[in-house]
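# coords below, sequence missing:
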């Protein structure tokens, strides 16, 4: 019996521990089936590839060009970039404001000088448009080349729409500017606006000195007592001083009322006048 079992084990291979001979044979058979299935799949795949290869050799394959994704366009959607018109009104501050607005949009759009010129002449209306057409016709009659430069157009527009003494007048106005009845905020706006119109290039300490000199005297004294290192800090100090002065005035103004009495109202005063008139008429 033992010899027969040993012979079967020798013919079929070793039986793993814990398994009977029949179980071991079933496992081996399953593995063999899996190997056969895998080989059959490989053969079928090779045959299919061979068929596709023959088809490709018979008919030309289409050429596929890779698609390049276009970068998103920056078309300024949702951003208002309206350029203002200029009608040629003789208001120097409005004209300079128009120039500054045009320059900011041109810089944002990154237009070159020639394109800036083309866009600018489209925004000329009224008298400004007539002036440009006259300038263009005069240059043609004189045999001069047409204008195609924004910088050259600006130069000619400044000569026409800015008075020759405009900058000088702004300097004079800056020298005598006083706060007077203006609030500190209103005074700062006016001071800065005139500075920019004059295009003043000066040291920070000179600008600060002119600003303080134009402040209300009480505020100027308080500002001088505070530390500051820049024009912006001086402005903040002046605004705080103004709030302090206003708060102090409000707290010191109180109507005189005796203890236990209510303030004398307008109605009470009117009633007292009626009583006085009545007494006078009775005596008469």
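Cool, the structure landed. Model, not experiment: these values are computed from the prediction. Numbers count the residues shown, from 1 in each chain.
# distance check, residue 172 against residue 246.
Separation of residue 172 from residue 246 (CB to CB, to the nearest Å): 32 Å. C-beta here means a position set from N, CA and C on the backbone, and glycine is covered the same way.
# could you do residue 190 as well?
Distance, residue 190 to residue 246, using CB to CB: 20 Å.
# do residue 170 as well
Using CB to CB, one gets 31 Å for the distance from residue 170 to residue 246.
# now residue 140
In this structure, residue 140 and residue 246 are separated by 63 Å, where distance is defined by CB to CB.
# what residues sit buried inside the helix or strand encompassing residue 26?
Using DSSP states H and E, residue 26 sits within helix 21-58. Buried positions in helix 21-58, judged by neighbour count with 16 or more other CB atoms under 10 Å: residue 24.
# now do that helix, average pLDDT.
The average of the pLDDT scores along helix 21-58 is 75.
# can you check stretch 126-143 too?
Per-residue pLDDT values across stretch 126-143 average out to 95.
# kindly report the same for stretch 245-256.
Confidence over stretch 245-256 (mean pLDDT, whole number) is 72.
# buried ones in the one helix or strand residue 249 maps to?
Of the helices and strands defined by DSSP H and E, residue 249 is found in helix 231-252. Buried residues in helix 231-252, counted by 16+ other CB under 10 Å: 231, 234-235, 237-239, 241-242.
# same deal with stretch 157-167?
157, 161, 166.
# mind checking the SS state of the nearest residue to residue 199 once chain neighbours are set aside?
With CB to CB, 6 or more residues apart in numbering as the measure, residue 167 is the residue that lies nearest to residue 199, at 7.8 Å, once sequence neighbours are left out. On the three-state scheme (DSSP: H, G, I helix; E, B strand; the rest coil), residue 167 is labelled helix.
# wait, what's in contact with residue 167?
Taking CB atoms under 8 Å, 6 or more residues apart in numbering, we find residue 167 in contact with 197-199.
# what's the following helix or strand after the helix holding residue 26?
If you walk from helix 21-58 toward the C-terminus, the next helix or strand you reach (DSSP H and E) is helix 92-109.
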